[in-house]
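[1] Need the 3D shape of this:
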Amino acid sequence: MEINDLTPAEQRLWRAFATGTAVDFREAPDEAASPDWGPERTVRAVVLRALLLNGPREPGEIAALKVAGARVTGLLDLRHAVVDSMFRLNHCRFDEAPRLVGAQLTYVSLRDSELPGLDASHIRIDGGLRLTRCRIGGPVHLSRAQISGALYLDGAVVTAADRTEPVLQLNQLSLDNDLCARGLRTQGMIRLDGASVTGSIDLEDAELDNPGAQVLSAEALDVGANLLGRRMRARGRIDLRGSRIPGRVDLLRTSLSNPGGTALRASSCVIGEIWLREGAPIEGRLNLRRAEVGQLQLAPEMLPDQVRLLDLTYTFLTPHEPAERRLPMLERDDGAFDPHAYEQLTAAYRRIGDDGAARVVQLAEQRRHRGTLPWYGRVWGHLQDAAVGYGFRPLRAAVWLLSLLAAGSLAYAGHHPPPLKAGEAPGFNPVFYTLDLLLPVISFGQESAFAPAGWYQTLSYVLIVTGWILATTVVAGVTRTVSRQ
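    Numbering: from 1, shown residues only. Predicted coordinates for the structure are as follows:
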């Protein structure tokens, strides 16, 4: 391409490229994108391609394409090209979506530009890719891209008329730094399946919108540090199934909404910490099944009506709440009884020394388990619960014993039963006689010496049967408590 074939605007770029001089077509440095893109601000994509592949060089200078405020007409086609010069096309407008499939580049910046899309799958960039505050009206393809630096999407707006395909295709992306997307706004699905991010993913203040469908698909995502999503607003399903995030998943003050479906799925994940509090109640299901979490910061008021916790394991559960505030979440797993969930909650309370709350959880577990038993098992369970609270309310046995002892003593104090053998019976004592009836093992010699009749004989049978039931339930409850500890 000869310089005489170029427009005045393109000639400026041609001369500036060899020394890496920046060319700004805007009248003012802070000028926003303008609908007035005249010929003095227009460059052809083929000229940019020629510069990047075979542009002029000057000894001792670093060639680079640095443009601001230009309109790029035609297709910028760098498919499978090897470009050793960085290029920066900021505040520009592209008539067609650039094609960078399989290209090998050093550094790319399209900051504050307007594009109908971007096709850059399998791209390799030795530096970073900056799409900060871009307005993109079509899908962005970065699947299987390899980026040695960071990927910047802060403040970007990505939309697409066709929502059947992802608006951000980042599946199998390999990123050696951070994915910075604060304030990102998307309409459609973001796909991060199988991506590997050495640093963190920052989605703070992002607005992700794809109602009734997946808004963020990140299955088997591998993050080196954190997934940050404070104040994020997501309408649609977030899927993190099988992901590994050793740091924290920070969802403080987030708004998650997918009515009638799953709002957040983090099943089978390995996560250092999950922060889910200080936000509005989740609309939709929360699925944490089979996840392994070091610290689970979960506010009860954020929990939705359906919570799936089957085989969830965690070490610490914060903030500290009374057991009565935590138990409802264990009853929202599709009505299924999961003893593992109760044992996890019990262990969490014991780690912080709250044995009282741990016993409340264990008692709730036994009561929930009772509903799964046949009728005779439920009857026996009710007896254990009423007598000693399944062994977790041992003082209840003493209350029953003292109440029955008082009732029997008063009854037999007013009517002494006749002795079996006159002259051989010891002196009658209503208290010890009642104790003889109540305690199945200990004998004070009163029961065998006297024979009540009528209603008092019926009372003695009731006390004997009640004593056996009380003793059996106490032994069963204490044995269960000791074996659990």
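[2] residues in contact with F87?
    Residues near F87 by C-beta atoms under 8 Å, 6 or more residues apart in numbering: L48, L52, A64, L65, K66, V67, L105, Y107, V108, S109. C-beta coordinates here come from the backbone N, C-alpha and C atoms, glycine included.
[3] Now go through the residues you listed and say which are in strands.
    Among the contacts of F87, the members falling in strands (DSSP state E) are L65, K66, V67, L105, V108, S109.
[4] Hmm, the fifth one is touching T132, no?
    Translated: V108. No: using C-beta atoms under 8 Å, V108 makes no contact with T132, being 11.9 Å away.
[5] Pick out whichever of the two has more residues nearby.
    V108 (24 against 19; other C-beta atoms under 10 Å).
[6] Look up the closest residue to the more buried one, ignoring the ones flanking it.
    L129 (5.1 Å; C-beta to C-beta, 6 or more residues apart in numbering).
[7] Which pLDDT value does the model give the closest residue to E331 other than its chain neighbours?
    Spatial nearest neighbour of E331, excluding adjacent residues (C-beta to C-beta, 6+ apart): R368 at 7.3 Å. Note on R368: pLDDT of 73.
[8] next one: stretch 324-331 to chain centre, how far?
    Distance, stretch centre to chain centre, for stretch 324-331: 18 Å (C-alpha atoms, centre = their mean, to the nearest Å).
[9] my bad, stretch 272-280
    8 Å.
[10] okay, how far is it across that stretch, tip to tip?
    Its start and end residues considered, stretch 272-280 measures 23 Å (C-alpha to C-alpha, to the nearest Å).
[11] Now that stretch: buried residues?
    For stretch 272-280, the neighbour count (16 or more other C-beta atoms under 10 Å) marks G272, E273, I274, W275, L276, R277, G279 as buried.
[12] Could you tell me the end-to-end distance of stretch 220-231?
    Using C-alpha to C-alpha, one end of stretch 220-231 lies 24 Å from the other.
[13] let's number from 50 now, not from 1
    Sounds good: first residue 50 from here, last item stretch 269-280.
[14] Could you list the residues in contact with it?
    241-255, 289-303.
[15] now that stretch: mean pLDDT?
    So the average pLDDT for stretch 269-280 ends up being 93.
[16] With stretch 239-253 instead?
    94.
[17] Would you mind measuring the gap between the ends of it?
    First residue to last in stretch 239-253 (C-alpha to C-alpha) measures 15 Å.
[18] again, but for stretch 89-105
    Distance between the two ends of stretch 89-105: 22 Å, counting by C-alpha to C-alpha.
[19] low-confidence ranges in the chain?
    Low-confidence segments of the chain, defined by pLDDT under 70, span residues 50-53, 77-85, 383-385, 421, 427, 429-447, 472, 522-534.
[20] Which parts of it are helices?
    In the chain, the segments counted as helices under DSSP state H are 57-66, 94-103, 372-379, 388-400, 404-419, 424-437, 444-463, 479-487, 504-533.
[21] For P260, find the nearest of those helices.
    With distances scored as C-beta to C-beta, the stretch of the helices of the chain nearest to P260 is helix 372-379 (25.7 Å).
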